[in-house]
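Peer 1: I would like the atomic coordinates for the input below:
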Amino acid sequence: MAEVNRRHFIHGSMALGLFAAMSESLSAFADDAPTGLVGLTISEASRRIRARQLTSTELTQAFLDRIKIYNPKLNVFITVMHDDALKQAAILDKDAKAGNFRGPLHGLPIVLKDNIDTAGTRTTAASQVFDDRVPIEDAFVAEKLKLAGAVILGKANMHEFAMGHTSASTYFGSVRNPWAPDRTPAGSSGGCAVAVISDLCVAAVGTDTGGSVRMPAAYCSMVGLKPTYGLISIRGIVPLTYSLDHCGPMTKTVEDAAILLNVMAGYDKLDVGSVEHGKEDYTQSMKQPVAKIRLGIPRAPFFDRLDEETSSAIEVAIAVLSKLTASTKDVTLPSTGGFSSLALNAETQAYHLQLYRRNKQGYSMSIRRNLETGLKAFDDVSDEPCSEKVTDYVLSNWELIKLRRTIDDAFTDFDLVALPTMRLLPPTINEALSREEDPKPREPEIDNNCRPFDVFGIPAISIPCGFSNTGLPIGLMIAGPRFSEGRVLALAHAYEQATQWHLRKPVLTPTMTIPPVIRKS
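Peer 2: Now for the predicted structure:
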């Protein structure tokens, strides 16, 4: 294979040393199928459909054919909407033939995480509890995508009820990381990330409560954007912790994320978390100059206990960013240590109270254990511990409101921050399941940097920035103050254009070997 042109990559000895230590080839596609239609980005596919060089039916069928080969191996989908997708595509092809284009998503196959309601198609949240749940209405974001001309290709596998970050614990079987099928793709939007990087769809939509869009983006080497809290309505999405839940695009490029955000953003008066924000064209905002951006590096605590290879890749990425921006300096962000995200778990418990009482055995062992302690407080509302929990919840909610109202003050002498998305490389599925199913108390994992940005409610994006010596992806996170999506996208796009990491794809073959999952007895 021909070597990728590196003229835009930083030429320091550190960068070249790390670059050489990684895979020699950064070819755009590693297997034969993506050289055709399924490798197209949103922007590329949209141009071809508008030029009538491609039909939605052709593109949709190409993905369905590929899904048939690789879904049994990677376990990406809970539901493939084969017939519905082709019917949608045929209607959109008729519109296109008549010159009626709905926008850049017209005719493009999109995958939704399976906690996003779809009218007439089951939405399970990857749990036996919802195995036969069929919503009668679309989620707000699903409706917006359909109106924009997107073809809903299927519903992606995920961590059960989004209560974890590995996508290993799911009623429908663990999701596989295509870069190393014995490892997790992270979660909870793991199926969405695998679908995108494996070219099983043009793009996907996931949810993020503690990093569930950005973590899989990092572990799968693609783009995941968590916007400002309330910018995208979460009505019609099975909640985890409503006050922290976000919905965001998962794509092959930063430009694609901007295109999806244009469609997904919007005020919804029926969603109490939705916020009114002036209409913005994020594809244009993404093109703003970045040379005057003052970049902050929040080393403490986000660079603590980093995997050595992750640390090296991030330092190289920061060196690239320093060439693109006006200045780079170490900074600090407000601590979320005084905020009790555990107290907000009352929102999770309230949603599951009746479900759990009716169908306790429908929950997997690890999720059941997570719920049991909190739900005991609901058994007797006069109990003092329950009163204390209510007080804790109210105080925590007040602290959350204050943090979100004041977070912009932290960005006084810097504009954006850059940091590692994940601190460690992807664990194996067996390791993840062993940890999740072990009944013994365990220390919290410190493997990611994502949750504080859900608490802050500010935009954060994860983009590819390198690989370990064994070919495992590493992600870079860029974040900014509330409603700074345009500037965050601009710097992410500039970095993407200065490097080649986003072009690398996992090697997939129809005969690839999938290692077994070994569960504890």
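
Peer 1: could you find the closest non-adjacent residue to residue 170?
Peer 2: residue 126 (4.0 Å; C-beta to C-beta, 6 or more residues apart in numbering). (C-beta placed from N, C-alpha, C; glycine too.)

Peer 1: next, the contact list for that neighbour, please.
Peer 2: 78, 114-115, 157-161, 170-172 (C-beta atoms under 8 Å, 6 or more residues apart in numbering).

Peer 1: which ones among the residues you listed lie within strands?
Peer 2: residue 78 (DSSP state E).

Peer 1: need the helix or strand of the protein with the lowest average pLDDT.
Peer 2: helix 13-21 (a mean of 38; mean pLDDT, DSSP states H and E).

Peer 1: buried stuff in the next helix or strand after it?
Peer 2: Once helix 13-21 ends, the next helix or strand along the chain (criterion: DSSP states H and E) is helix 42-50. For helix 42-50, burial by neighbour count (16 or more other C-beta atoms under 10 Å) applies to 42-46, 48-50.

Peer 1: for helix 42-50, packing partners?
Peer 2: helix 56-74, helix 254-264 (3 or more C-beta pairs under 8 Å, 6 or more residues apart in numbering; DSSP states H and E).

Peer 1: contacts for it next, please.
Peer 2: 37, 40, 54-56, 59, 96, 101, 104-108, 202-203, 251-253, 255-256, 259-260.

Peer 1: and if you look at stretch 511-521?
Peer 2: 73, 173-174, 176, 181-182, 429-430, 433-434, 437-438.

Peer 1: any of those residues buried? List them.
Peer 2: For those, buried by 16+ other C-beta under 10 Å: 73, 174, 176, 181-182, 429-430, 433.

Peer 1: how about JSON lines for these, with secondary structure, pLDDT and distance to residue 498 added?
Peer 2: Formatted as JSON lines, these follow (DSSP: H, G, I helix; E, B strand; the rest coil; pLDDT from 0 to 100; distance: C-beta to C-beta, whole Å):
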{"residue": "73", "secondary structure": "helix", "pLDDT": "98", "distance to residue 498": "34"}
{"residue": "174", "secondary structure": "coil", "pLDDT": "97", "distance to residue 498": "35"}
{"residue": "176", "secondary structure": "coil", "pLDDT": "98", "distance to residue 498": "31"}
{"residue": "181", "secondary structure": "coil", "pLDDT": "98", "distance to residue 498": "31"}
{"residue": "182", "secondary structure": "coil", "pLDDT": "97", "distance to residue 498": "33"}
{"residue": "429", "secondary structure": "helix", "pLDDT": "97", "distance to residue 498": "34"}
{"residue": "430", "secondary structure": "helix", "pLDDT": "95", "distance to residue 498": "38"}
{"residue": "433", "secondary structure": "helix", "pLDDT": "94", "distance to residue 498": "39"}
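
Peer 1: point out the most buried one among the helices and strands packed on helix 42-50.
Peer 2: helix 254-264 (a mean of 26; mean count of other C-beta atoms under 10 Å).

Peer 1: angle of that one against helix 42-50?
Peer 2: Note on geometry: by axes from the mean of the first three to the mean of the last three C-alpha atoms, to 10 degrees, helix 254-264 and helix 42-50 are set 70 degrees apart in direction.

Peer 1: quick one: the next helix or strand after helix 254-264 to chain centroid distance?
Peer 2: Later in the chain than helix 254-264, the nearest helix or strand by DSSP H and E is helix 282-285. Relative to its chain's centre, helix 282-285 lies at 20 Å (C-alpha atoms, centre = their mean, to the nearest Å).

Peer 1: on contacts alone, who are the packing partners of helix 282-285?
Peer 2: Counting by 3+ C-beta pairs under 8 Å, 6+ apart, helix 282-285 packs on helix 254-264, helix 485-498.

Peer 1: average pLDDT for it, rounded please.
Peer 2: Helix 282-285 carries an average pLDDT of 98.

Peer 1: what residues does the next helix or strand after it touch?
Peer 2: Next helix or strand after helix 282-285 toward the C-terminus (DSSP H and E): strand 294-297. Strand 294-297 is contacted from outside by 318, 321-322, 325-331, 411, 413-419, 491, using C-beta under 8 Å, 6+ apart.

Peer 1: at 6 Å what do you get?
Peer 2: 321, 325-328, 330-331, 414-418 (C-beta atoms under 6 Å, 6 or more residues apart in numbering).

Peer 1: ok, which stretches of the chain are strands?
Peer 2: 77-80, 109-113, 151-156, 203-208, 223-226, 246-251, 294-297, 327-330, 416-420, 460-467, 473-479.

Peer 1: what angle do the fourth one and helix 42-50 make?
Peer 2: Direction vectors for strand 203-208 and helix 42-50, defined by the same axes, to 10 degrees, enclose an angle of 140 degrees.

Peer 1: so what touches strand 203-208?
Peer 2: 42, 110-113, 189, 192, 195-196, 213, 226, 246-248, 250-251, 256, 260.

Peer 1: and for the third one?
Peer 2: In this structure, residues lying in contact with strand 151-156 by C-beta under 6 Å, 6+ apart are 60, 77-81, 85, 88-89, 109, 111-114, 191-192, 195, 201.

Peer 1: now, of those, which are buried?
Peer 2: 60, 77-81, 85, 88-89, 109, 111-114, 191-192, 195, 201.

Peer 1: now flag whichever of the contacts of stretch 511-521 is closest to residue 357.
Peer 2: residue 437 (23.0 Å; C-beta to C-beta).

Peer 1: distance of residue 436 relative to residue 121?
Peer 2: 28 Å (C-beta to C-beta, to the nearest Å).

Peer 1: of these two, who's got more company?
Peer 2: When neighbours are counted by other C-beta atoms under 10 Å, residue 436 and residue 121 differ, and residue 436 comes out ahead with 22 against 18.

Peer 1: count the neighbours of the closest residue to the more buried one other than its chain neighbours for me.
Peer 2: Nearest residue to residue 436 in three dimensions, chain neighbours excluded: residue 366, at 4.2 Å (C-beta to C-beta, 6+ apart). By the measure other C-beta under 10 Å, the count of residues near residue 366 is 20.

Peer 1: quick check: residue 366 touching residue 170?
Peer 2: No - using C-beta atoms under 6 Å, residue 366 is not in contact with residue 170, being 10.5 Å away.

Peer 1: out of the contacts of stretch 511-521, which comes closest to residue 241?
Peer 2: When those are compared against residue 241 (criterion: C-beta to C-beta), the nearest one is residue 437, at 22.5 Å.

Peer 1: so where's this structure shaky on pLDDT?
Peer 2: 1-35, 376-387, 441-445, 519-521 (pLDDT under 70).

Peer 1: how far away is the spatially most central residue of the chain from residue 413?
Peer 2: In the chain, the residue lying closest to the centroid (C-alpha atoms, centre = their mean) is residue 213, at 1.8 Å. In this view, residue 213 and residue 413 are 29 Å apart by C-beta to C-beta.

Peer 1: good, we can wrap up now.
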